[in-house]
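Colleague: need a 3D model of the following:
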Amino acid sequence: MPGITILSGQAHPELAGEICRHLEVPLTPTTFRRFSNDCQYVQIGDNCRESDVFIIQPLSIPVQEHLMELLLMLDAARGASARRITAVLPYFAYARSDKKDAPRISIAARLVADLLDTSGANRVLTLALHSEQVHGFFPMPVDHLNAMNVLAGHFVQGELKDAIVVCPDFGYAKNASKFARILGLDVAAGNKRRISDSEVIIDTIVGDVRGKDCIVVDDEIANGGSMLELLDRLRDAGARRFRISCTHGVLVRDAVCRLAESEDVEEIVTTNTIPIGPEKMHPKLKVLSVAPLLGDAIHRIHFGLSVSSLFH
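Modeller: Below is the predicted model of the structure:
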């Protein structure tokens, strides 16, 4: 792949390395330092003049550190006369801040999109945005991927008889329906009301889950509150056993242990859009790689091929 430069921030160098191995291209070295006044310093290690540059940086915790690092890398690539710069965001943390649902608040997803544009991004490659309207916040072209085929590839290896796909709320029902069609299953959804960042109420399950094994799907699991509430309501409705899946396993604090402690939860499946440290690993946790998916998308963008055909 001539004329391509792949850079990685410090958020997830392991994923960047996997992508480079899939593409059979080297990862360009980058120097990161911090000045005595706490300002960050970024320097690209090799020439990228007139190159097609891809900067891989999920906005994982600590989000603000990794965001600022990404902005500096974009600016450095622009200053080094890159031909085109693509920000590869496997996880866009601010996608939840997509509307003004309280007085005097910022729509942070739009603000961050503007910051990426100002810093030099000509294109964005991202995965499973929390809400589809966030796609429209970016003033540059966006390739919005999903990990449904990656997750479905795992579940088709197991028993799907008497299984049903369930999502926590109607906002994700469209994606859950697509996932269910891939697996050839029916779909159900919860009626969720969010009380706070960590507290939700699910008062109704729409769909028949009695006697069914539930494959519970969502785009993101952070503290696990929504998922635990959904599992309780599914038990009340007569569901039998559960397999939990999500694209972005943020899994803060003891979320994995809280989800896995029930005997009727067979497994928790997520992807490596976010680094999952050894302290979060659990025998029931399975982490799938999205490196081939992102690598194929980078290959198609570089050569001007269709990205959407990856999902046909």
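
Colleague: so, low pLDDT: which residues of the stretch 101-250 of the chain?
Modeller: 195-198 (pLDDT under 70).

Colleague: which stretches in it count as helices?
Modeller: 108-119, 148-155, 173-183, 225-236 (DSSP state H, counting those that start in this stretch).

Colleague: tell me which of the ones you listed approaches V269 most closely.
Modeller: Closest of those to V269 is helix 148-155, at 5.7 Å (criterion: C-beta to C-beta). In short, each C-beta sits where N, CA and C put it, glycine included.

Colleague: give me the helices and strands touching that closest one, please.
Modeller: If you count contacts as 3 or more C-beta pairs under 8 Å, 6 or more residues apart in numbering; DSSP states H and E, helix 148-155 packs onto helix 173-183, strand 241-249, strand 265-271, strand 285-288.

Colleague: buried residues, it. List them.
Modeller: Using 16 or more other C-beta atoms under 10 Å as the test for burial, helix 148-155 gives M148, V150, L151, A152, F155.

Colleague: which one of those residues is nearest to I268?
Modeller: If you rank the buried residues of helix 148-155 by distance to I268 using C-beta to C-beta, L151 comes first, at 11.8 Å.

Colleague: which ones are touching the closest one?
Modeller: Residues in contact with L151, defined by C-beta atoms under 8 Å, 6 or more residues apart in numbering, are F179, V217, S245, T247, V269, T271, L288.

Colleague: coming back round to it: so which of the helices of the stretch 101-250 of the chain is nearest I56?
Modeller: The nearest among the helices of the stretch 101-250 of the chain, by C-beta to C-beta, is helix 108-119 at 13.9 Å.

Colleague: how about CSV for the contacts of L151, with distance to G225 added?
Modeller: Below are these laid out as CSV (distance: C-beta to C-beta, whole Å):
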residue, distance to G225
F179, 22
V217, 17
S245, 17
T247, 18
V269, 19
T271, 21
L288, 24
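
Colleague: hang on, the earlier thing: export the helices of the stretch 101-250 of the chain to JSON lines and tack on distance to I85?
Modeller: Putting these into JSON lines (distance: least, C-beta to C-beta, whole Å) gives the following:
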{"stretch": "helix 108-119", "distance to I85": "9"}
{"stretch": "helix 148-155", "distance to I85": "26"}
{"stretch": "helix 173-183", "distance to I85": "29"}
{"stretch": "helix 225-236", "distance to I85": "36"}
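
Colleague: the ones you listed: which one's closest to D75?
Modeller: Closest to D75 of the helices of the stretch 101-250 of the chain is helix 108-119 (C-beta to C-beta; 5.1 Å).

Colleague: next, the distance between the ends of stretch 36-48.
Modeller: 29 Å (C-alpha to C-alpha, to the nearest Å).

Colleague: show me how far it is from its chain's centre.
Modeller: 26 Å (C-alpha atoms, centre = their mean, to the nearest Å).

Colleague: ok, and what's touching that stretch?
Modeller: So stretch 36-48 is contacted by 5, 7, 28-35, 65, 68-69, 72-73, 76-77, 80-82 (C-beta under 8 Å, 6+ apart).

Colleague: mind giving me the ChimeraX command for buried ones among those?
Modeller: Of these, the buried ones go into a single ChimeraX selection, burial set by 16+ other C-beta under 10 Å:
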select :5,7,28,30,65,68,69,72,73,76,77,80,82
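
Colleague: which among the contacts of L151 gets closest to I298?
Modeller: T271 (16.6 Å).

Colleague: what residues are bridge-paired with that closest one?
Modeller: H248, L288 (DSSP bridges).

Colleague: ok, so what distance separates it from E69?
Modeller: With distances taken as C-beta to C-beta, to the nearest Å, T271 is found 22 Å from E69.

Colleague: next: R34.
Modeller: R34 is 10 Å from E69, by C-beta to C-beta.

Colleague: now L127
Modeller: Between L127 and E69 the distance is 19 Å, computed by C-beta to C-beta.

Colleague: cool, and C214?
Modeller: 39 Å.

Colleague: what helix or strand is L67 on?
Modeller: Assigned by DSSP states H and E, L67 falls within helix 63-79.

Colleague: R253 and N223 touch, don't they?
Modeller: Yes - with contact defined as C-beta atoms under 8 Å, R253 reaches N223; the gap is 6.6 Å.

Colleague: for these two, indicate the residue with more neighbours.
Modeller: Taking neighbours as other C-beta atoms under 10 Å, R253 and N223 compare with N223 leading, 17 against 11.

Colleague: neighbours of P103, how many?
Modeller: By other C-beta under 10 Å, neighbour count at P103 equals 5.

Colleague: please apply the same query to A189.
Modeller: Neighbour count of A189, defined by other C-beta under 10 Å: 22.

Colleague: and what of S8?
Modeller: The burial count for S8: 23, using other C-beta under 10 Å.
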